[in-house]
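*Asks:* no sequence for this one, just the structure:
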Ligand SMILES: Nc1ncnc2c1ncn2[C@@H]1O[C@H](COP(=O)(O)OP(=O)(O)OP(=O)(O)O)[C@@H](O)[C@H]1O
Ligand SMILES: [Mg+2]
């Protein structure tokens, strides 16, 4: 097994809001829970009342056809969208996120498919964006560049992500390296829960394998992940649990070691396993 360290959060300015303490969660308990979450866009019901718990230290894959509501669910958990109804709990405490910053303060960070980094900034600047380490106060505030560079290097190396330098703009990095930096940013923030919406959709085979390795390594270190993926092979490589969505509803949450692709496809399509298999062959 790859020895991977998840470093402690590297300080920085940001973690001010009170975060429900991990210690409050009973062993094997749910770090996150959504209950009856609903969302409409005009006439479209994106989420029809989704209830699901996410046990600590697990990877839940969220699967479903286009438009099933997967991204909407993640955006709501990430604080990027507001639900029309329902509740979210973090470590058993009810939370209401007005923005992604609120979700981050509660220990929830998102890594998006489109590799959402600031291209013109380097890895260190991306890792510390919005929560730069400073010394001094008010008018005499200084960035602690050296310390941030050191922390960025430690975190990125700790994830076994190889980049030429934390000082070059990330636009010069490959997709896999960029996704590594995006995950390092989530780790740097000290997140307990990382949401990933199709994190490898823009990546090649080797880069996908690297990202999967990082994700599995984070679970080894006790983190909880929710990963949207259209790639069922990847889902079975990574996930402990498979949450199947169809037309805004959570159809089932399966134990990944106790199901197979055919059954998952049958739940995604709403067809029986045999019909789904026939259709897949056609
Ligand atoms: N901002 C929006 N405005 C209007 N409709 C939206 C918006 N976001 C999502 N929808 C609609 O809500 C439904 C669920 O969309 P969502 O993006 O959550 O699906 P998804 O499961 O992520 O699909 P995909 O696999 O294609 O990414 C779709 O019918 C979609 O068209
Ligand atoms: Mg989506």
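*Replies:* Happy to help now that I have it. As the structure is a computational prediction, the values presented were derived from the model and not from experiment. Ligands and ions are numbered 1, 2, ... in the order given.
*Asks:* Doesn't residue 252 lie inside a strand?
*Replies:* Yes - according to DSSP: H, G, I helix; E, B strand; the rest coil, residue 252 belongs to a strand.
*Asks:* quick one: contacts for the nearest residue to it once chain neighbours are set aside?
*Replies:* Leaving out its chain neighbours, the residue that sits closest to residue 252 by Cβ to Cβ, 6 or more residues apart in numbering is residue 244, at 5.2 Å. Where C-beta positions appear, they are placed from N, C-alpha and C, glycine not excepted. Residues in contact with residue 244, defined by Cβ atoms under 8 Å, 6 or more residues apart in numbering, are 63-64, 250-254, 264, 267-268.
*Asks:* Secondary structure class of residue 244, three-state.
*Replies:* strand.
*Asks:* That one and ligand 1, how far apart?
*Replies:* Per Cβ to the nearest ligand atom, to the nearest Å, residue 244 is found 11 Å from ligand 1.
*Asks:* Kindly report the same for residue 224.
*Replies:* Using Cβ to the nearest ligand atom, one gets 20 Å for the distance from residue 224 to ligand 1.
*Asks:* Next, count neighbours for that residue.
*Replies:* Neighbours of residue 224 under the rule other Cβ atoms under 10 Å: 23.
*Asks:* so it bridges to which residues?
*Replies:* Beta-bridge partners of residue 224, counted by DSSP bridges, are residue 193.
*Asks:* wait, it sits on residue 53?
*Replies:* No - applying Cβ atoms under 8 Å as the test, residue 224 and residue 53 come out as separate, 10.8 Å apart.
*Asks:* and for the two, which residues touch both?
*Replies:* Common contact partners of residue 224 and residue 53 (Cβ under 8 Å, 6+ apart): residue 32.
*Asks:* got the residue ranges for the helices in the stretch 101-250 of the chain?
*Replies:* For the stretch 101-250 of the chain, the helices defined by DSSP state H, counting those that start in this stretch occupy 123-128, 145-158, 175-188, 205-220, 232-238.
*Asks:* The ones you listed: which one's closest to ligand 1?
*Replies:* Set against ligand 1 and scored by Cβ to the nearest ligand atom, these come closest in helix 232-238, at 13.2 Å.
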